[in-house]
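Undergrad: The sequence and its predicted three-dimensional model are supplied below.
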Amino acid sequence: MKNKFIILGCGNSMGVPRIDSFWGKCKKSNKKNIRTRCSAIIIKGSNSVLIDTSPDIRAQLIKNKIKNISSVIYSHEHADQTNGLFELRPFTFSKNKNLKIQSRKIIDLYGSKKTMYLLKKRFDYCFKKNSIYPQIVKSNIAKKTFSLGRGDEKINIKTLTVKHGLVKSTAYIFNKIAYISDCSDLSIIKMKNLNNLKYLIIDCLKIDKNYAHFNLDECLYINKHLKPKKMILTNLHTDLDYDHLLSILPKNVIPAYDGLKISL
């Protein structure tokens, strides 16, 4: 697939298994239960737009053989979506025939005003021009509609601001796909931009209710109202086993897994 969308990681903030080897109800025998932290990528020709830089982004990009990042769009400022930012450095290198770094490109980042402010505060050395550590990224505020790339490789994007517990998160819509990885806002069922979707990738943290994320029942409620052709559950916790979910979900709803690909 030349043009594709890849879910690089679909795990919650601690991943599955957790760092202490806790699997919860997820069976070790199924590789689709191994979940790195949430991140995704839109690829249209040579235009590769990364969604979030999870703490696992290095391994995710190597596993999926991604060798170029054109730009990054951020959902929000939390650590599980941003802590891999500094890993982007090699994508800024331009090497000569002797494999020496000849020059550097600067990668454009997009997100809310708050997200960009906090990224610049936490990763100031990535944004500043200096002789010791060259600038590798530039901040931009994501507008309600904007485009990334040129010609046939252009990706047209719409944004929606949604509640994610006590903070706000940005949802992204492109090619009749909506990516809402962190959300607790049931009012999205009234958002016109979420009608007639081919794919709705949505936050589904747990079975039990959570103040900052949708649970399974809430996702199924959203599915009934928005009626996407396919709903894909992401941000999955240790109590959500892949095979068990498949056995109980409606036909148009599936759990995500790391490396899931969608043709654009």
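TA: Yep, it's here.

Undergrad: name the helices or strands packed onto the strand ranked longest in the chain?
TA: Of all the segments assigned as strand in the chain under DSSP state E, the longest by residue count is strand 155-164. With contacts defined as 3 or more Cβ pairs under 8 Å, 6 or more residues apart in numbering; DSSP states H and E, the secondary structure elements packing on strand 155-164 are strand 145-148, strand 167-174, strand 177-180. Any C-beta I mention is one placed from the backbone N, CA and C, and that applies to glycine too.

Undergrad: most tightly surrounded among those strands?
TA: Ranked by average neighbour count under the criterion mean count of other Cβ atoms under 10 Å, the helices and strands packed on strand 155-164 are headed by strand 177-180 at a mean of 24.

Undergrad: Tell me which residue lies nearest the centroid of this protein.
TA: Ser39 (3.2 Å; Cα atoms, centre = their mean).

Undergrad: nearest to Asp258, of the helices and strands packed on strand 155-164?
TA: strand 177-180 (15.3 Å; Cβ to Cβ).

Undergrad: can you pull out the strands in the stretch 151-264 of the chain?
TA: Secondary structure of the stretch 151-264 of the chain by DSSP state E, counting those that start in this stretch: the strands cover 155-164, 167-174, 177-180, 199-203, 230-234, 253-255, 260-263.

Undergrad: wait, what's in contact with Pro250?
TA: Residues near Pro250 by Cβ atoms under 8 Å, 6 or more residues apart in numbering: 220, 223.

Undergrad: Distance of it relative to Ile189?
TA: Distance of Pro250 to Ile189, given as Cβ to Cβ, to the nearest Å: 16 Å.

Undergrad: can you check Gly111 too?
TA: As defined by Cβ to Cβ, Gly111 lies at a distance of 25 Å from Ile189.

Undergrad: what about Lys67, how many neighbours?
TA: Residues lying near Lys67 (other Cβ atoms under 10 Å) number 10.

Undergrad: Would you confirm that it belongs to a helix?
TA: No: when the secondary structure is assigned by DSSP: H, G, I helix; E, B strand; the rest coil, Lys67 falls in coil instead of a helix.

Undergrad: distance of Asn83 from Lys105?
TA: Counting by Cβ to Cβ, the gap between Asn83 and Lys105 amounts to 22 Å.

Undergrad: cool, and Ser46?
TA: Between Ser46 and Lys105 the distance is 13 Å, computed by Cβ to Cβ.

Undergrad: Could you list which residues are in contact with the nearest residue to Met116 once chain neighbours are set aside?
TA: The spatial neighbour of Met116 that comes closest, neighbours along the chain excluded (Cβ to Cβ, 6 or more residues apart in numbering), is Ser139 at 4.1 Å. Applying Cβ under 8 Å, 6+ apart to Ser139 gives the contacts 109, 111, 116, 119-120, 127.

Undergrad: give me that answer again for 7 Å
TA: By Cβ atoms under 7 Å, 6 or more residues apart in numbering, Ser139 lies in contact with 109, 116, 119-120, 127.

Undergrad: Could you dump the residues you listed into TSV and include distance to Ile62, secondary structure and neighbour count?
TA: Compiled in TSV, these are given as follows (distance: Cβ to Cβ, whole Å; DSSP: H, G, I helix; E, B strand; the rest coil; neighbours: other Cβ atoms under 10 Å):
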residue	distance to Ile62	secondary structure	neighbour count
Leu109	21	strand	26
Met116	27	helix	20
Leu119	23	helix	22
Lys120	27	helix	15
Phe127	25	helix	18
